[in-house]
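Participant: Predicted coordinates and the sequence they were generated for:
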Number of protein chains: 2
Amino acid sequence: MAQNIYDNPEFFEGYSRLGRSVEGLDGASEWPVLRAMLPDLSGRRVLDLGCGYGWFCRWAREHGAASVLGIDVSEKMLERARATTTDPAISYLRADAERLDLPAASFDLVYSSLALHYIEDLGALFSKFYDAAVPGGNLVFSVEHPIFMAPTHQGFAQAADGQKFWPLDNYLVEGARTRDWLAKGVTKQHRTVATYLNLLLRAGFTLTHLEEWGPTDEQIAGRPDWADERHRPYFMLVSARR
Amino acid sequence: MAQNIYDNPEFFEGYSRLGRSVEGLDGASEWPVLRAMLPDLSGRRVLDLGCGYGWFCRWAREHGAASVLGIDVSEKMLERARATTTDPAISYLRADAERLDLPAASFDLVYSSLALHYIEDLGALFSKFYDAAVPGGNLVFSVEHPIFMAPTHQGFAQAADGQKFWPLDNYLVEGARTRDWLAKGVTKQHRTVATYLNLLLRAGFTLTHLEEWGPTDEQIAGRPDWADERHRPYFMLVSARR
C-alpha cells in the first residue's frame, strides 16, 4: 500500500502552503505544459487519481467535461475538495490507488498529477487505467522526474569552477526513496524513465507525447533563480492513448 | 552535415582498438539488451545506418536476413567492412545520413547503433526511416544516453562521504557537445530523452520498448568496476514500429 503522507498533520500543513495549494493549477510551474497535453474535454468523462484539493476536477468541469470523478487517499484533502464545490457532476471518492476498483470503459480521460510516484505496483494500476478508459481514451499524468528522485543528495551542488550540477547517483537502482520533505520520512518509488514507459506500453497504451519539464525563457525572466532548473528536469509529463 | 570523425586518423586508430571493434558485437556491453529488442530476422530486409565495420550486417545475415544494406559515412570503416565478407546479399554504401535518399517501403528492419547522436536533423532522418520501412516494419536503435552526454564534466565525481555520482548539468540545454574522446573535438548532438521519443512519434512511429542500459548483476560480478555504471545509464536503446 502506498504511503498516505497527506494525512500526516505536519506534511498537510506544509503542503497546504505550497504555491500549487494556494494558487491552484496556476501555482504549479509545470501546469502550462501539462495543460497543453490534454485532449479537448467537451462532454468527456474524466477520472483524476490523486485529486487532492480538486483544483483539476473543477477546472475540467469549467472546460466542458461532462463529469469528473476525483479519487484521493487523503481524507483531509477530500474534505477541502468537497467544501469548494456544489457541482453535482463532480464526485469525490476516498480510495487507496493500489486497491482500486474502477468501472470498465467508463472514462475518456484518466488524469493524474504527481501521484503515481507513490505507487508501488504501477503496472497493475496502469492496467486498471487501461480497462477503465474507453478505446481511444487518453491517459495524461505527471510524476517527479526519475533524475530528480534518484539521488542520495537531492539538491544542487557546485563544482570548484562554480558550475552548478545535480549529483546523480543510483539512477538505475529502482525502489523506495525516503526523504524529509515537508515532513520526515516521505516515501516515494523511484523507477527509471524506461520503466515508466515500458509499464505503460505493457498495459496496452500507446505513447503519444513525453515532456521533461524545465522552465521556459519567460519563466526564467520572471524568476531568474529558476535557471538552474535546466540542469535536470523536475517533472516528467506523459500522454498516452488506449 | 554530421561530423565524420571516423575518418580522422587519430580517432580511427583509437576506435579500432575498442572492445567493440576488436571483438565485434560481443565486445559491446549493451549488445545483449539490444539483441533482445530485435525482431526475428528470417527473410527480412535490413538497413544498418552507421554500420562501421559491418559486424551487425554479417550477424544479421547469419541470423536469416534476406539482405542487408550497410551505410556509413566513413570510407575507412567501409573498406574494412567490405574486406570481411564476400556475401552478395550484403551491400555497403558510403553516404552522409543527413543527405540520404532511401528507397520507399523497402526495409523490414531499420537498425542503427551509436550513430544517431551525431545527426543534427534527427526528425528528418526519422521521417526517411519511416518512409523506407514497410508498414509493420521495425526501427531499433541505440544512442549514448542523454544523461551521459549532457554534462560539462563527463565523468564520475565523489562526494565528501565517498559516494560517487554523475555531475549532471545542462540536461535540458540541447545542442552540440564537443568533447575529446579518442581524438580532439568530437562533436555529438545532445537531445533529451523526450526529444528523441517525440521526434520518433512525430515521424509516425509507435514506441514499442525503451531501455536505459546499465550492467546486469552477472556483468558486475565479472567486472566489479562496472558497479558505478548504475549511477547513470550509458546507453539508450529504443525499439519502434512503423
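Facilitator: Arrived safely, thanks for sending. Numbering: from 1, shown residues only, chains lettered A, B, ... in the order given.
Participant: so what's the nearest residue to A:Val73 once chain neighbours are set aside up against?
Facilitator: Distance criterion Cβ to Cβ, 6 or more residues apart in numbering or on different chains; nearest residue to A:Val73, sequence neighbours excluded, is A:Asn4 at 4.7 Å. C-beta here means a position set from N, CA and C on the backbone, and glycine is covered the same way. Contact analysis of A:Asn4 by Cβ atoms under 8 Å, 6 or more residues apart in numbering or on different chains lists A:Val73, A:Ser74, A:Asp96.
Participant: okay, how far is it across stretch A:80-98, tip to tip?
Facilitator: Stretch A:80-98 has an end-to-end distance of 23 Å (Cα to Cα, to the nearest Å).
Participant: Contacts for the strand ranked longest in chain A, please.
Facilitator: Determined from DSSP state E, the single longest strand within chain A is strand A:133-144. With contacts defined as Cβ under 8 Å, 6+ apart, strand A:133-144 is touched by A:30, A:34, A:37-39, A:105-117, A:126, A:129, A:188, A:196, A:200, A:205, A:208, A:213, A:234-242.
Participant: mind exporting the helix or strand of chain A with the lowest mean pLDDT as CSV, just the C-alpha atoms?
Facilitator: Scoring the helices and strands of chain A by mean pLDDT, DSSP states H and E places helix A:19-22 at the bottom, with a mean of 84. Output of helix A:19-22 as CSV, limited to C-alpha atoms (Å, rounded to 0.1, in the frame of the first residue of the first chain):
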residue,chain,number,x,y,z
GLY,A,19,2.1,27.7,-4.4
ARG,A,20,0.1,24.9,-6.0
SER,A,21,-2.1,24.5,-2.9
VAL,A,22,-2.8,28.2,-2.5
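Participant: hang on, the earlier thing: filter the contacts of strand A:133-144 to the buried ones?
Facilitator: Buried residues within the contacts of strand A:133-144, defined by neighbour count using 16 or more other Cβ atoms under 10 Å in any protein chain shown: A:30, A:34, A:37-38, A:106-117, A:126, A:129, A:188, A:196, A:200, A:205, A:208, A:213, A:234-240, A:242.
Participant: Roughly how far does A:Ile90 sit from A:Gly43?
Facilitator: Noted for A:Ile90: a distance of 15 Å to A:Gly43, by Cβ to Cβ, to the nearest Å.
Participant: swap in A:Val193?
Facilitator: 33 Å.
Participant: Give me the more crowded residue out of the two.
Facilitator: Taking neighbours as other Cβ atoms under 10 Å in any protein chain shown, A:Val193 and A:Gly43 compare with A:Val193 leading, 27 against 10.
Participant: That one contacts A:Met236, correct?
Facilitator: Yes: under the criterion of Cβ atoms under 8 Å, A:Val193 makes contact with A:Met236 at 6.7 Å.
Participant: Can you give me the end-to-end span of stretch A:34-50?
Facilitator: By Cα to Cα, the extent of stretch A:34-50 from end to end equals 15 Å.
Participant: Off-centre distance for it?
Facilitator: Its chain's C-alpha centre and that of stretch A:34-50 lie 13 Å apart, by Cα atoms, centre = their mean, to the nearest Å.
Participant: mean confidence for it?
Facilitator: Stretch A:34-50 shows a mean pLDDT of 98.
Participant: I'd like to know which residues of chain A are adjacent to chain B.
Facilitator: Residues of chain A lying near chain B by Cβ under 8 Å from any Cβ of the partner chain: A:147, A:151-153, A:157, A:159, A:163-173, A:192-194, A:197-198, A:201, A:206-212, A:214, A:229-233.
Participant: mind listing which of those are in helices?
Facilitator: Applying DSSP state H to the residues of chain A next to chain B, the entries found in helices are A:Ile147, A:Val193, A:Ala194, A:Leu197, A:Asn198, A:Leu201.
Participant: farthest-separated two in these?
Facilitator: A:Ile147 and A:Leu201 (20.7 Å; Cβ to Cβ).
Participant: Among the contacts of A:Asn4, name the buried ones.
Facilitator: Buried among the contacts of A:Asn4 by 16+ other Cβ under 10 Å: A:Val73, A:Ser74.
Participant: Now tabulate the contacts of A:Asn4 in a markdown table and tack on secondary structure and pLDDT.
Facilitator: Shown next, in a markdown table, are these (DSSP: H, G, I helix; E, B strand; the rest coil; pLDDT from 0 to 100):
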| residue | secondary structure | pLDDT |
| --- | --- | --- |
| A:Val73 | coil | 95 |
| A:Ser74 | coil | 94 |
| A:Asp96 | coil | 94 |
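Participant: Could you dump the contacts of A:Asn4 into a markdown table and include distance to A:Asp225?
Facilitator: Shown next, in a markdown table, are the contacts of A:Asn4 (distance: Cβ to Cβ, whole Å):
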| residue | distance to A:Asp225 |
| --- | --- |
| A:Val73 | 33 |
| A:Ser74 | 30 |
| A:Asp96 | 37 |
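Participant: And the contacts of A:Asn4, which is closest to B:Pro224?
Facilitator: Nearest to B:Pro224 among the contacts of A:Asn4 is A:Asp96, at 41.4 Å by Cβ to Cβ.
Participant: can you tell me how far the closest one sits from chain B?
Facilitator: Using Cβ to the nearest Cβ, to the nearest Å, A:Asp96 is found at 29 Å from chain B.
Participant: same thing with A:Leu109?
Facilitator: Counting by Cβ to the nearest Cβ - A:Leu109 and chain B are separated by 19 Å.
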